[in-house]
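Participant: Give me a 3D structure for the following:
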Amino acid sequence: MAVVKREKKEDGVIECLIDSSNILHSEYDKSKKTLKITFKAGTRYVYKEVLDRDYIRFEVSESQGSVFNKTMNKYECTKLISLTEEGLLNLKSQINERKGV
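Facilitator: Here you go, the predicted model:
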């Protein structure tokens, strides 16, 4: 599976580190129905009114990128500030640690 780390925070937000060809990180806030995606290039978007079933399908998929491309394009999104190079390196190193690289 491409999710290498899943954490449910105290506020209910589900955060995942993802080992995908294009996706690096996701945060799903069930109460707000928002999904934040960080891509490997550092670009970040927030998708609004995301249905629970679509998020679950995304998270448990063998290919988050494939499900993302088929499912998330129907949701309104807003581009967020991109991650810094340091932030990108930090997430990538966390993924490599989880994979044992």
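Participant: Report pLDDT for the residue nearest to the spatial centre of the chain.
Facilitator: In the chain, the centroid-proximal residue (C-alpha atoms, centre = their mean) is residue 26; its distance is 1.8 Å. Looking at residue 26, its pLDDT is 95.
Participant: From residue 63, how far off is it?
Facilitator: Between residue 26 and residue 63 the computed distance is 14 Å (C-beta to C-beta, to the nearest Å). Every residue, glycine included, has its C-beta placed from N, CA and C.
Participant: What of residue 73?
Facilitator: For residue 73 relative to residue 63 (C-beta to C-beta), the value is 15 Å.
Participant: Neighbour count for those two, which is higher?
Facilitator: residue 63 (15 against 9; other C-beta atoms under 10 Å).
Participant: my read: that one touches residue 2, true?
Facilitator: Yes. Between residue 63 and residue 2 there is a contact at 6.7 Å, judged by C-beta atoms under 8 Å.
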